[in-house]
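Colleague: Okay, predicted coordinates and the sequence, questions at the end:
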Amino acid sequence: MRKMLMMNASATVIFNYIGIFVNLYIWEQGHRIFDVAWFNLIMFLAWGFAFATSSRLLSRYTTRLMIQTTAICGGLTFLLLTTLTLDNRLLWIAILAMPVGCMWGTYASTQNITLTLIGKGRDFEQYFATSSIVGQVISIINPVVSALVIQWVGYNGSFMLMFVFVTILMVVSFFIPKVTLSGQSETVFLGMGFRQVFSYSALRWMIPSCLAAGIVLQFHNLFTLIFTFSVSGDKLVIALLNVLYTVSTMLAMVFYRKLRIPERRWLIIGVVAMSAGFLFPLLQVSVFLVLSNIMMTIGMFYFGTVWNTEHFRRISQHSAIEQARILIWREWLLIVSRVVILIWILGIENFQGVPFVLLLVISIAGALAIPIFSKKAKQAEEAASVIKVQPADV
């Protein structure tokens, strides 16, 4: 797990920069929600393609090659940002988004499959919690340093700096575990039918859970950025606001580790905090946009830790090839709902109109439904365990 965390830290620096400053770079061109939504829409379409492709390639190659591919895509992203200029703005944004999506999708597939194959029991909870700590530290330092570099030498200088971290990721890739699906008797896509993959009740509850989570994740990821960009155009202020959100999450993490509260209750706390945060933008005051982001970020920590842990525990009970199939479907389900929401967001111009309010309602409903789906999956799992035990008791 330590080598996985090293890889995760290297990649997080790059992803954190892209998540804040590449989106800000696009936003500053016209201050349009459409542009940022379009970038993310193309990115997630590329993400879904790359996730499935890299999962298939793991049947022949190791995770080291996949992470090296991730690094190459990262390098291409910053090369395009430095050199590419087009009159057609939508095409320019789409070309930038494609290597970003391929980078993220390849990395997500590699990390997920590696984690499920080498992780056991409480490893998942420890990994996600520790990974979150590393991510928070990077989220404090990276935005401030990046903002100062941009103010000093401009965006192009910061893009060149990111090549350093791409190189570090490439180097780290040679030391991570060599995980592959090549030893499996079946291929990943041979038994990819929907009913074949989701073959029992507890696993089938993952379907609505992922669809609902995709809505919640996309609303949180996109509007956390846009709310922050709307508060201030100063890059250092934006960076410091992101530090504030990170510190809030770290305080939430302290409570998570210190308080002996069942996982399900933390999940409920998480979705309630996110739902409350979703409502604050309706007040149209900058301080409430900041408060909204704090609530959403805290809620996302509790939700993400518990929800991912539950899913990976369930998935890890399957064979390696079955895990790969489930993970591909899981990612596709998340991306489907993300893409639908992003298409909706393309038509949103401000935080007051009916489209935005309807999106709020849908996002809150999705968040509140997730604990219900989680409970149903747990009940189905327990019922299946009872059925298996009964014959032995007779």
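Modeller: Looks like it came in fine.

Colleague: Quick check: next helix or strand after the helix or strand containing residue 301?
Modeller: Assigned by DSSP states H and E, residue 301 belongs to helix 286-315. Proceeding N to C from helix 286-315, the next assigned helix or strand is helix 320-345, under DSSP H and E.

Colleague: Run the chain-centre distance for that following helix.
Modeller: 11 Å (C-alpha atoms, centre = their mean, to the nearest Å).

Colleague: Show the average pLDDT along that helix.
Modeller: Averaging pLDDT along helix 320-345 gives 89.

Colleague: what packs against it?
Modeller: helix 33-57, helix 89-118, helix 194-197, helix 206-231, helix 286-315, helix 354-393 (3 or more C-beta pairs under 8 Å, 6 or more residues apart in numbering; DSSP states H and E). For glycine as for every other residue, the C-beta is placed from the backbone atoms N, C-alpha and C.

Colleague: Can I get those in CSV including distance to residue 180?
Modeller: Below are these laid out as CSV (distance: least, C-beta to C-beta, whole Å):
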stretch, distance to residue 180
helix 33-57, 10
helix 89-118, 9
helix 194-197, 21
helix 206-231, 25
helix 286-315, 18
helix 354-393, 29
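
Colleague: Model confidence for residue 185, exactly?
Modeller: pLDDT at residue 185 comes out at 61.

Colleague: mind checking which of the helices and strands packed on helix 320-345 is nearest residue 64?
Modeller: Residue 64 sits nearest to helix 89-118 of all these, at 9.1 Å, using C-beta to C-beta.

Colleague: That closest one - contacts with which helices or strands?
Modeller: If contacts are counted by 3+ C-beta pairs under 8 Å, 6+ apart, helix 89-118 sits against helix 2-17, helix 33-57, helix 63-83, helix 286-315, helix 320-345.

Colleague: Next one: the residue nearest to residue 80 when sequence neighbours are not counted from residue 358, what distance?
Modeller: Closest residue to residue 80 apart from its sequence neighbours, by C-beta to C-beta, 6 or more residues apart in numbering: residue 96 at 5.7 Å. Going from residue 96 to residue 358 by C-beta to C-beta, to the nearest Å gives 29 Å.

Colleague: the more surrounded of those two?
Modeller: Neighbours were counted for residue 96 and for residue 358 using other C-beta atoms under 10 Å; residue 96 has more, 23 against 12.

Colleague: so the more buried one touches residue 38, yeah?
Modeller: No: with contact defined as C-beta atoms under 8 Å, residue 96 does not reach residue 38; the gap is 10.4 Å.

Colleague: before we move on, the earlier item: mind giving me CSV with the helices and strands packed on helix 320-345 and columns for mean pLDDT?
Modeller: What follows is the helices and strands packed on helix 320-345, written out as CSV (pLDDT from 0 to 100):
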stretch, mean pLDDT
helix 33-57, 92
helix 89-118, 88
helix 194-197, 84
helix 206-231, 90
helix 286-315, 89
helix 354-393, 82
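
Colleague: Which one of those lies nearest to residue 9?
Modeller: Closest to residue 9 of these is helix 89-118 (C-beta to C-beta; 12.1 Å).

Colleague: Which SSE is immediately downstream of that closest one?
Modeller: Sequence order places helix 123-172 as the next helix or strand after helix 89-118, per DSSP H and E.

Colleague: what is the mean pLDDT for that following helix?
Modeller: In this model, helix 123-172 carries a mean pLDDT of 81.

Colleague: chain center to that helix: distance?
Modeller: Centre-to-centre, helix 123-172 and its host chain are 16 Å apart (C-alpha atoms, centre = their mean).
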